[in-house]
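J.: Sequence first, then the predicted structure:
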Amino acid sequence: MLSAVLPFLNIDAGEHDDEPDELYAIAHAVSIACGGHAGDERSMQRVLEACKARGTRVGAHPSYDDREGFGRREIEVDARTLFNSVLRQLHVLDAIRTKVGWPVTHVKAHGALYHAVHRDQEQAEAFVTALRFVPMGHHRVVVVGQAGGALERAVARAVGVRFLREGFADRAMRADGSLVPRGEPGAVITDLDAVRAQTKALVASGAYDTLCVHGDSPGALAIARAVREVLDA
């Protein structure tokens, strides 16, 4: 289990050099960019070491190979290409976590890949299959994603993998749990009162195991503090 708190706070991180270390202390779990859309071996080691020092759980945050588009563009790839890409990213993070001595307990897709594995069964199966080939230092890996889609079905068929349903404290969500696209007005929530209200509503719904804050959102540190305060209360 990632945390005794349900829902627990997960923060996407390792994407920018100027991320405040306090983010890693506020989070119950941190999802680390592992080279596809952002991050490199140096940033992965920095975040892993910071999380280990604070006792914060860590996860892998693979994406399409799209650094130019920050992993947020739809990319046409076949299942084999996707499998190889995710496997490569997981292996890089796994090698660094072995050196640091801190396990990777969850995996969460980033950006366009997050939405693709929710919609497309073939891509979801490729994503989950890649997890079987990387030890990650933990006996049972958790997959974090949107509920009710292809990824949850793929996890249900996998042995030794658990699925956790994710909501978003800093993004506008539709009734079906999907995100309002970033280009639309109000898609990114930065007002702290609105963040608190959304967090309370998501917790009250009972539909989510974990809530996400994006480490690259404007005011991410203040947003993360507000969400953690609500969850702790």
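T.: Perfect, thanks for sending it.
J.: Can you give me the neighbour number for the nearest residue to Pro218 once chain neighbours are set aside?
T.: Using C-beta to C-beta, 6 or more residues apart in numbering and skipping the chain neighbours, the partner closest in space to Pro218 is Thr190 (5.3 Å). The C-beta positions use only the backbone N, C-alpha and C, and glycine is treated the same way. Thr190 has 13 neighbours, counted by other C-beta atoms under 10 Å.
J.: burial of Arg140, as a residue count?
T.: Arg140: 11 neighbours (other C-beta under 10 Å).
J.: Could you list the low-confidence segments of this structure?
T.: Residue ranges of the chain with pLDDT under 70: 1-5.
J.: and the longest strand for it?
T.: strand 161-168 (DSSP state E).
J.: in the following helix or strand past it, what's buried?
T.: Using DSSP states H and E, the next helix or strand after strand 161-168 towards the C-terminus is helix 192-205. Residues 194-196, 198-199, 202-203 are the ones in helix 192-205 that count as buried (16 or more other C-beta atoms under 10 Å).
J.: now the strands for this structure?
T.: 8-13, 29-33, 57-61, 104-108, 141-145, 161-168, 210-214.
J.: now for these, which one comes closest to Ser85?
T.: strand 57-61 (12.5 Å; C-beta to C-beta).
J.: about what we covered before: kindly reformat the strands of the chain as TSV containing distance to Glu19.
T.: Listed next are the strands of the chain as TSV, based on distance: least, C-beta to C-beta, whole Å:
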stretch	distance to Glu19
strand 8-13	6
strand 29-33	10
strand 57-61	13
strand 104-108	17
strand 141-145	20
strand 161-168	19
strand 210-214	11
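J.: which residues touch stretch 11-18?
T.: 19, 23-24, 26-27, 29-34, 37-39, 43-44, 46-47, 61, 108, 110, 212-216, 220, 224 (C-beta atoms under 8 Å, 6 or more residues apart in numbering).
J.: hmm, 7 Å instead?
T.: 19, 23-24, 27, 30-33, 38-39, 43-44, 47, 61, 212-216, 224 (C-beta atoms under 7 Å, 6 or more residues apart in numbering).
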